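Novice: let's see this in three dimensions:
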Amino acid sequence: AVVSALRESPSALLRNPVVLVPVILIAALQLPQLVLQAVDPLVGAVASLVVSVAMLVLVPFFQGGIVAMADEALDGRTSLDTFVAAGKANYLSILGAYLLILGVYLVLSVVTFVATALVGGGVIAMAQGGASGSGGLGLLAIIAVLLFGFLVYLLFVFFLQFYGHAIVLDDLGAVAGLKRSAVRVRHNLLSVFGYTLLTGVIGGGIGLVFGVLSVLTAPGTAASAGVDVPLAAVVVVALVAAAVTGVVGAFLGIFSVAVYRRLSLPGDL
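Specialist: Model prediction:
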């Protein structure tokens, strides 16, 4: 499924460069905070907060629109009209699913924090009681709790990553979309693992490169290194980041839909 989708996706993007438009636009929302960070870190932090709130509102619309565009692009031609129509039609369902996932992540974070605190408290009590070797065992226990919490988080991400595709392509509501994503992933573990690994490497690699560039062009980092980074250089880096993110994001959007369309359901097996 992954190999077939990987072959099909580039031609769909070349045939429909219009898919780049919404992806580049949403990537461009990150530009002000990058530039303002170079001018004034405090203003940059405020801009980052504003962008985060805007993304929370806009991402469900974007997600619904890009999935629909990608679906049409794989079959022939698509347009921005599809993006707008699908974004509107699926906004509430995708937002609802997103908020449900966010709620689960928050609960998981609180549980992990409380468990870590309890284990840490137990370690301190053992150390005060004079128990030998309590420090090393306690550290291992804390690491184990944190790793377990992170593993559970990764499993949620893994099984629910196609909820937007299920809502848009299978015409489902928020809860049904989450269930459909989990079912499809459960019955196609190897394909989804390969897809997740590949997209993680691509997306993580791009994010790492531009994350490092952002840090290097930040005023504090540049000043500590005795380098004066011109504002024009920061702007150029931000524009290149938006452009590359747009191309990679559009490709991954089409690729994800191509993979989802190939994931079998129990009734298809």
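Novice: all helices of the stretch 101-250 of the chain, in order?
Specialist: 134-160, 163-169, 174-186, 189-216, 219-224, 231-260 (DSSP state H, counting those that start in this stretch).
Novice: tell me the buried residues in the longest one?
Specialist: Buried residues in helix 231-260, defined by neighbour count with 16 or more other Cβ atoms under 10 Å: 234, 237-238, 241-242, 245-260. All C-beta atoms are positioned from the backbone trio N, CA, C, and that covers glycine.
Novice: taking the mean pLDDT, what do you get for it?
Specialist: Mean pLDDT, helix 231-260: 84.
Novice: hang on, the earlier thing: winner for burial among the helices of the stretch 101-250 of the chain?
Specialist: Counting by mean count of other Cβ atoms under 10 Å, helix 163-169 has the highest mean neighbour count of the helices of the stretch 101-250 of the chain, with a mean of 25.
Novice: what does that one rub up against?
Specialist: 63-64, 67-68, 71, 86, 90, 93-94, 97, 101, 172-174, 176-178, 180-181, 184, 256-257, 260-261 (Cβ atoms under 8 Å, 6 or more residues apart in numbering).
Novice: stretch 5-17 too?
Specialist: In contact with stretch 5-17 (Cβ under 8 Å, 6+ apart) are residues 19-20, 69-70, 72-74, 76-78, 195, 198, 250-251, 254-255, 258-259, 261-262.
Novice: got the buried residues for it?
Specialist: For stretch 5-17, by 16+ other Cβ under 10 Å, it's Ala5, Leu6, Glu8, Ser9, Ala12, Leu13, Asn16.
Novice: got a pLDDT number for the fifth one?
Specialist: Looking back up the chat, that one is Ala12. For Ala12, the predicted pLDDT is 94.
Novice: for the second one, same thing?
Specialist: Leu6 is assigned 90 on the pLDDT scale.
Novice: for it, grab phi and psi.
Specialist: phi -70, psi -30 (degrees, to the nearest 10).
Novice: who's in contact with Pro32?
Specialist: Contacts of Pro32 (Cβ under 8 Å, 6+ apart): Ala47, Val51.
Novice: how near is it to Val51?
Specialist: Separation of Pro32 from Val51 (Cβ to Cβ, to the nearest Å): 7 Å.
Novice: list residues touching both of the two?
Specialist: If you check Pro32 and Val51 against Cβ under 8 Å, 6+ apart, no residue is contacted by both.
Novice: pLDDT score for the closest residue to Leu160 other than its chain neighbours?
Specialist: Spatial nearest neighbour of Leu160, excluding adjacent residues (Cβ to Cβ, 6 or more residues apart in numbering): Ser181 at 5.2 Å. With respect to pLDDT, Ser181 has a value of 95.
Novice: Ser181 contacts Val157, correct?
Specialist: No. Counting by Cβ atoms under 8 Å, Ser181 stays clear of Val157, with 10.8 Å between them.
Novice: could I have the CA atoms of stretch 75-85 written out in CSV?
Specialist: Taking Å, rounded to 0.1, in the frame of the first residue of the first chain, the C-alpha atoms of stretch 75-85 are listed here in CSV:
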residue,chain,number,x,y,z
ASP,A,75,-8.4,10.8,-9.5
GLY,A,76,-7.7,13.7,-11.9
ARG,A,77,-8.1,17.4,-11.2
THR,A,78,-9.0,19.5,-8.2
SER,A,79,-9.5,23.1,-7.3
LEU,A,80,-9.6,25.6,-4.4
ASP,A,81,-13.4,25.4,-4.5
THR,A,82,-13.1,21.8,-3.2
PHE,A,83,-10.8,23.0,-0.4
VAL,A,84,-13.3,25.6,0.7
ALA,A,85,-16.4,23.4,0.4
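Novice: coming back round to it: list residues touching both of Ser181 and Val157?
Specialist: Joint contacts of Ser181 and Val157 (Cβ under 8 Å, 6+ apart) do not exist.
Novice: biggest separation within the buried residues of stretch 5-17, which pair?
Specialist: Leu6 and Asn16 (17.0 Å; Cβ to Cβ).
Novice: would you mind listing where the stretch 51-200 of the chain has pLDDT under the threshold?
Specialist: 122-138 (pLDDT under 70).
Novice: kindly recompute the last result at 90.
Specialist: Counting by pLDDT under 90, the ranges of the stretch 51-200 of the chain that qualify are 51-58, 104-105, 108-150, 152-153, 200.
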